[in-house]
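Peer 1: No sequence on hand, only this structure:
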DNA sequence: AATACAAATGCGAGAGATTCTCAAAAACAC
DNA sequence: GTGTTTTTGAGAATCTCTCGCATTTGTATT
């Protein structure tokens, strides 16, 4: 038993964001820790409610955007509809999206990252964040 | 006189999309040709109305998404709010966004493009489209 | 140039995602 | 515990974008 995340881990993360520890936030963070996909706000809400039926939509949005603002959660808009979330604590990676199935493959390329920095520097900038997404189709 | 785009250019582009030539579409395409920024739908509408007050919001959205669907216009969602548009006829490029001012610098890197293809191939995919955005801050 | 038919338009209603308002409830410092 | 500040839930509001439909317009054909 126990791929259940330790409550103290959730608490640390919430504290790190400078927020008060509430039951709702603990639950939402726990959902994010457990998620191995990239749920949107509605999916986070549904999953959170399975653990605590009282959690509201407003709180879900508020928590996700508060954590996102502090850099503890990453927000993606792969398609134009709902934003999708993941913990930033997970190692950095970019996304390859299978346009047929919607499946997402995560990848990293130190080489690309290096080139990105060079390009930004050449224009007099430093990179705060970046987004690299490859919309692909299976070969064959 | 005349950084005004020739009407026939607008017409060709609309025809290429398999659409009927209408006054509204000519105006909207003209706005896109003239734009050197990446206007959102509302800005396109405002600029178009300066030339033809009768253009509706619905037509603006419909035209932009029709052209986008045919690959003649590119749609970006740099931030999570409104989508921003640019003519696809312009040479391909990626974007560096100044997070302080909102200014957008366009760039290309053959090197990065090559690496992207390699990565996709390694996973058994071919790239249909990609998105690379660097969110940056001025150094100094 | 008149006709006919499909396609496009404007308007306002509607949908989806997200944010806001505000009174009540819960967290934290003392 | 008490007091202060933050957070919450519920629903209204907002923002972006799409849709339905009656009317108008483009275009191919007489």
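Peer 2: Okay, I see it. Given the structure is predicted, the values throughout are model-derived calculations rather than measurements.
Peer 1: what bridges to residue A:76?
Peer 2: Here residue A:76 sits in beta bridges with residue A:84, as judged by DSSP bridges.
Peer 1: Isn't it up against residue A:82?
Peer 2: No. Here residue A:76 does not reach residue A:82: they are 10.2 Å apart, not a contact under Cβ atoms under 8 Å. No exception for glycine: its C-beta is placed from N, CA and C like everyone else's.
Peer 1: The two: which is more packed in?
Peer 2: Remark: of residue A:76 and residue A:82, residue A:76 carries more neighbours, 17 against 14, as counted by other Cβ atoms under 10 Å in any protein chain shown.
Peer 1: Could I get the contacting residues of that one?
Peer 2: Applying Cβ atoms under 8 Å, 6 or more residues apart in numbering or on different chains to residue A:76 gives the contacts A:38, A:83-86, A:95, A:131.
Peer 1: ok, now residue A:96?
Peer 2: Applying Cβ under 8 Å, 6+ apart, the residues contacting residue A:96 are A:104-107, A:133-134, A:136, B:119-120, B:123, B:125.
Peer 1: Out of those residues, flag the one nearest to residue B:26.
Peer 2: Proximity of the contacts of residue A:96 to residue B:26 (Cβ to Cβ) peaks at residue A:133, which lies at 33.4 Å.
Peer 1: Could I get the pLDDT score of residue A:93?
Peer 2: For residue A:93, the pLDDT comes out at 88.
Peer 1: Tell me the bridge partners for the residue lying closest to it once chain neighbours are set aside.
Peer 2: Residue nearest to residue A:93 in three dimensions, not counting chain neighbours: residue A:106, with 4.1 Å by Cβ to Cβ, 6 or more residues apart in numbering or on different chains. Going by DSSP bridges, residue A:106 is paired in beta bridges with residue A:95.
Peer 1: My guess is residue A:106 contacts residue A:86. True?
Peer 2: No. The criterion here is Cβ under 8 Å, and residue A:106 misses it with residue A:86 at 9.5 Å.
Peer 1: Neighbour count: these two, which is higher?
Peer 2: Taking neighbours as other Cβ under 10 Å, residue A:106 and residue A:86 compare with residue A:86 leading, 19 against 13.
Peer 1: Tell me the secondary structure at that one.
Peer 2: strand (DSSP: H, G, I helix; E, B strand; the rest coil).
Peer 1: In contact with it, which residues are there?
Peer 2: Per Cβ under 8 Å, 6+ apart, neighbours of residue A:86: A:32, A:35, A:38, A:73-74, A:76.
Peer 1: quick one: which of these sit in helices?
Peer 2: Members of the contacts of residue A:86 lying in helices (criterion: DSSP state H): residue A:32.
Peer 1: Among the contacts of residue A:86, which one lies nearest to DNA strand C?
Peer 2: Using Cβ to the nearest atom of the strand, residue A:76 comes nearest to DNA strand C of the contacts of residue A:86, at 9.9 Å.
Peer 1: Name the residue of chain A that lies nearest to DNA strand D.
Peer 2: residue A:59 (3.0 Å).
Peer 1: isn't that residue right next to residue A:23, touching?
Peer 2: No. Residue A:59 lies out of contact with residue A:23 (Cβ under 8 Å); the separation is 10.3 Å.
Peer 1: who's more crowded, these two?
Peer 2: residue A:59 (17 against 11).
Peer 1: Now for that one: which residues touch it?
Peer 2: Going by Cβ under 8 Å, 6+ apart, residue A:59 touches A:24, A:28.
Peer 1: For residue B:26, see how far away it is.
Peer 2: 48 Å (Cβ to Cβ, to the nearest Å).
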